[in-house]
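In: I'll drop the sequence and a predicted model, then ask my questions.
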Amino acid sequence: MITALVLWAAIVPAQALFVLNAVNIALLNAFNFYYIYVVSFFLVFCIGMAIIPSIGRVILGKSGEKPEFSNFSWFSMMFSAGMGIGLMVFSTAEPLWHFGGNPEIIKGNVDPYTQEAVQSTFRYAFLHYGLHPWGVYVAVGLSMAYFSHVRNLPLTVRSSLSPLFGRHLNGYIGHILDITAIVATLLGVAVTIGYGVSQLITGFDNLVELDWVMSSGADPAPTKVSLIAVLIIVMLLSTISAATGIGRGVKYLSNLNLGLSLILLCVFLFSGPLIFSLKLYGSALIDYLLTLPTISFEVFESNTPLGDWQESGTIMYWAWWIAFAPFVGLFLARISKGRSIREFVLGALLAPAAMCFIWLVLLGGAAVDLELSGIANGRIIDATSSAQLFETLNVLLSSGMASMVSAMAVVLILTFLITSADSGVLVLNTIMAGGNQHSALKHRFIWGLILTLVIGTLLMVGNGGLEALQKAMVIGALPFSMVMVLMCISVLKEIFRDEKRKALASRKA
């Protein structure tokens, strides 16, 4: 299935993109309300699991078992796998996009690129990178963690549905579920790394201008030679990291990611508009929390300006997060053994979301302030999404300081790419090995090679191939979202069954 899809996208990318885009648009038009409601359901489900006392104190493991990783390493790995590389691109691109167009601007309530538009800008940036995406990840991760660590079942998607389908999961139904997760994971990681490699090269070109790195012309882009060269380096390092396992390579790189991220945030905190950022964080967070019940269930009519914005924005994001859910959810389950359900939900929901908010306010807020004040004079807005972070640094800092911080950002992008790839390789191996978390070393190298060939093939044919896979990944999110609903029902059923057993045993005693 993977080979057929990749060859189609590589040989006739225009046709593949046209067909998949048509299917994509049809699904988004037909299921726009469904995506809005189902993602909000996952968030409500996660919060409910944490606040119900009898459920929240359940340990995801044996009684008295301690967590495998420290809180710092646990959070570092969650953040790197779930959001890392995306925030390097969209920390500035996402707020600037909403700054020029969001529902309040489309309705005519405020003008774009003005002080009045700032509040709604960060309201929707927080919506897309806040509690909802982490609610999607936690819903999958919690179900898989419970059945793996409490019920001692293999760490696979099919295990999470055992109370509903029983022994039938040993046959074709279970195979289809796991294959769906494998394809979604590989395509999701491939697309992310493909676009991340482009940003890495853009950042490198910002530091050292070499003729062979970027093409010439009005709209320069990374050359195929530089794309393949950087891809090979990234995948070689990520495969080595995956071979060392989660306890070494993945953990150490994730810790490095978080450390460098904090340094980058400090640069923006002390060099950027500090008072503006502090006020913005408080007002944006309050506004987000007050409007969350409304914007969570807000559905705009299709084929209208508001409907077009929602389909290309919110719904596209919701489908994207669902497509990533088997990858991130399984990884969260793998690293969360020994934690209570309440600790797992609150730790994997609130802490990463808060980090995303800080990231968006400090980096995106600096870009917005530079444009508002007229200092940037459109330089940041007019830059491509992958270059807006580096353009913000160039405007904000002196040339020497900007080069130093840009170099650190390039290293951070590289380590985020490596952790995304090695986490993906480990997840693929876990599913392919029937939940065995200690698969043979050769299989990690094989899947690292497969991932490299998939991404390399698509980079060689241009963005059309990657865009085609992106559309395919989003299309695949629809059936998997239905599997996710069943996973939530399944884990609730099993937990309530446990509570009944304990109550019965207590009465007999």
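Out: Perfect, I can see it now. Numbering: from 1, shown residues only.

In: what packs against the lowest-mean-pLDDT helix or strand in the chain?
Out: One helix or strand of the chain scores below all others by mean pLDDT, DSSP states H and E: helix 71-82, with a mean of 75. Packed against helix 71-82 by the contact rule (3 or more C-beta pairs under 8 Å, 6 or more residues apart in numbering; DSSP states H and E) you find helix 131-145, helix 251-271, helix 314-335, helix 341-359, helix 399-432. For the C-beta atoms, the positions are set from N, CA and C on the backbone; glycine is no exception.

In: With K66 as the reference, name the closest of those.
Out: helix 341-359 (12.0 Å; C-beta to C-beta).

In: that older thread, right, so the helices and strands packed on helix 71-82: which one is the most enclosed?
Out: For the helices and strands packed on helix 71-82, the largest average neighbour count (mean count of other C-beta atoms under 10 Å) is found in helix 131-145, namely a mean of 28.

In: what angle separates that helix from helix 341-359?
Out: In terms of direction (axes from the mean of the first three to the mean of the last three C-alpha atoms, to 10 degrees), helix 131-145 departs from helix 341-359 by 150 degrees.

In: for the stretch 51-200 of the chain, what spans make up the strands?
Out: Counting by DSSP state E, counting those that start in this stretch, the stretch 51-200 of the chain yields no residue ranges for strands.

In: Helices of that one, start to end?
Out: Along the stretch 51-200 of the chain, counting by DSSP state H, counting those that start in this stretch, helices occupy 53-56, 71-82, 84-100, 103-106, 118-129, 131-145, 162-165, 172-207.

In: contact partners of the fourth one?
Out: Okay, so that is helix 103-106. With C-beta atoms under 8 Å, 6 or more residues apart in numbering as the test, helix 103-106 has contacts from 110-112, 117, 120, 124, 298, 300, 305-306, 309-310.

In: one more time with 7 Å, if that's ok
Out: 110, 112, 117, 120, 305-306, 309 (C-beta atoms under 7 Å, 6 or more residues apart in numbering).

In: For A402, give its distance to V19.
Out: If you measure A402 against V19 using C-beta to C-beta, to the nearest Å, the figure is 44 Å.

In: what's the answer for G272, then?
Out: G272 is 45 Å from V19, where distance means C-beta to C-beta.

In: Of those two, which one has the most company?
Out: Between G272 and V19, G272 has the larger neighbour count (other C-beta atoms under 10 Å), namely 21 against 15.

In: Nearest spatial neighbour of that one, chain-adjacent residues omitted?
Out: A366 (3.9 Å; C-beta to C-beta, 6 or more residues apart in numbering).

In: helix or strand for the one you found, which one?
Out: helix 365-372 (DSSP states H and E).

In: tell me the mean pLDDT over that helix?
Out: Confidence over helix 365-372 (mean pLDDT, whole number) is 93.

In: ok now that helix, how far from the chain's centre?
Out: 25 Å (C-alpha atoms, centre = their mean, to the nearest Å).

In: cool, and stretch 264-274?
Out: Here stretch 264-274 is found 24 Å from its chain centre; the criterion is C-alpha atoms, centre = their mean.

In: what sits against F45?
Out: 139, 488.

In: ok, now A366?
Out: Taking C-beta under 7 Å, 6+ apart, one finds 268, 272-273, 392, 396 in contact with A366.

In: can you count the residues close to N170?
Out: Neighbours of N170 (other C-beta under 10 Å): 12.

In: cool, D382 as well?
Out: 11.

In: Phi, psi for it please.
Out: phi -80, psi -10 (degrees, to the nearest 10).

In: distance of it from D205?
Out: If you go by C-beta to C-beta, the gap between D382 and D205 works out to 17 Å.

In: I'd assumed F480 was in contact with T180.
Out: Yes - counting by C-beta atoms under 7 Å, T180 touches F480, with 6.1 Å between them.

In: Who has more neighbours out of the two?
Out: F480 (21 against 17).

In: Tell me how far that one lies from F268.
Out: Relative to F268, F480 is positioned 36 Å away (C-beta to C-beta).

In: Also S490?
Out: Taking C-beta to C-beta, one finds S490 at 43 Å from F268.

In: Likewise for I52?
Out: For I52 relative to F268 (C-beta to C-beta), the value is 39 Å.

In: Next: I475.
Out: Applying C-beta to C-beta to I475 and F268 gives a distance of 37 Å.

In: can you check Q199 too?
Out: Taking C-beta to C-beta, one finds Q199 at 18 Å from F268.

In: ok, residues contacting stretch 172-180?
Out: Under C-beta under 7 Å, 6+ apart, the answer for stretch 172-180 is 156-158, 165, 431, 479-480, 483.

In: Name the member of the residues you listed with the most neighbours.
Out: Going by other C-beta under 10 Å, V157 tops the contacts of stretch 172-180 with 30 neighbours.

In: All good on my end, thank you.
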